[in-house]
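Enquirer: predicted model and sequence below, questions to follow.
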Amino acid sequence: MSEDYNDWQQRQRVEQDRWDYATSSGQYAPTPSVQPFDSSSAAPPSWSHESTGGGSYSSGHSSSYGSSGPTFLSIIPWIPTLPVLYPLPFAVAFAGAGLGYGILESQFDVYMAAGRNGLAVASFLIGVVLFFAMSRLDHRLAASKLWRIPRHVLRLALVAVVAYLVAASLLLAPGQSFGAAGFDFALLGNPAVAASVAASALLAHILLTRDRLQEWWHERLAAAYLRRAH
């Protein structure tokens with residue numbers, strides 16, 4: 001057994017000596033069985049096509065940070081302005097919610113507060129659905145000047161009314177209720193009140209007629225499904 005092993009070692013040394021001599025003298029240039037790695041021809045890794053802007057490599061999608069548009073929640077801070085900007089949809093929704101509450105109340109004998117709260121929630125949902133539907137209709141009608149111009153005038157009038165009520169509330173006498181002074185149009189004789197109303201209407205006109213602001217606003221309406229996306 002040991003003699004066979006010794007013979008094998010001897011043959012290995014002879015083969016190694018022959019190999020060393022052949023390669024050092026240039027008589028034999030062995031061709032490597034494994035080709036050298038060429039990075040230029042190598043296929044890129046699977047994650048190399050993905051965005052590195054904070055996204056996950058395993059997701060296969062670009063990151064949403066910094067490049068995402070408005071979402072449905074983007075409209076929430078602007079909900080108080082919707083009755084002024086879209087008076088027709090708001091009026092239809094308000095009337096529909098009130099009518100829905102009256103119909104539901106007549107159909108169900110509700111005496112508990114919880115039941116009345118349920119009717120209020122149901123009527124509110126009716127109003128929301130009507131507002132969504134009428135808002136999309138309102139934007140389609142606004143493609144024509146026959147509706148766009150009267151709507152703009154109505155918007156400015158509502159802005160002026162809101163500005164007047166705010167200014168009147170600031171001029172309330174101690175102990176005076178808001179209703180007593182809020183609709184006292186004699187306050188328009190006050191130069192400060194008149195100036196605030198006029199300035200508010202002018203500012204609203206400027207903002208509502210800026211193309212960039214309209215595009216910015218329409219993107220948020222489309223994200224909230226209140227307007228058809230282009």
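Expert: That came in fine, so what should we check first?
Enquirer: what is the least confident helix or strand in this protein?
Expert: helix 178-182 (a mean of 49; mean pLDDT, DSSP states H and E).
Enquirer: next SSE downstream of that one?
Expert: Scanning forward in sequence from helix 178-182 by DSSP states H and E, the next helix or strand is helix 191-208.
Enquirer: show me what the mean pLDDT comes to for that following helix.
Expert: Throughout helix 191-208, pLDDT has a mean value of 91.
Enquirer: send the alpha carbons of it over as PDB?
Expert: Taking Å, rounded to 0.1, in the frame of the first residue of the first chain, the C-alpha atoms of helix 191-208 are listed here in PDB:
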ATOM      1  CA  PRO A 191     -64.100 101.400   5.600                       C
ATOM      2  CA  ALA A 192     -62.200  98.600   7.200                       C
ATOM      3  CA  VAL A 193     -65.000  96.100   6.600                       C
ATOM      4  CA  ALA A 194     -65.500  97.200   3.000                       C
ATOM      5  CA  ALA A 195     -61.800  97.100   2.300                       C
ATOM      6  CA  SER A 196     -61.500  93.600   3.700                       C
ATOM      7  CA  VAL A 197     -64.400  92.300   1.700                       C
ATOM      8  CA  ALA A 198     -63.100  93.900  -1.500                       C
ATOM      9  CA  ALA A 199     -59.500  92.600  -0.900                       C
ATOM     10  CA  SER A 200     -60.800  89.100  -0.200                       C
ATOM     11  CA  ALA A 201     -62.800  89.000  -3.400                       C
ATOM     12  CA  LEU A 202     -59.900  90.400  -5.500                       C
ATOM     13  CA  LEU A 203     -57.500  87.900  -4.000                       C
ATOM     14  CA  ALA A 204     -59.900  85.000  -4.700                       C
ATOM     15  CA  HIS A 205     -60.200  86.200  -8.300                       C
ATOM     16  CA  ILE A 206     -56.500  86.200  -8.800                       C
ATOM     17  CA  LEU A 207     -56.000  82.800  -7.200                       C
ATOM     18  CA  LEU A 208     -58.800  81.200  -9.100                       C
END
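Enquirer: contacts for that helix, please.
Expert: 152, 155-156, 159-160, 162-164, 166-168, 171, 187-188, 213-214 (Cβ atoms under 8 Å, 6 or more residues apart in numbering). C-beta here means a position set from N, CA and C on the backbone, and glycine is covered the same way.
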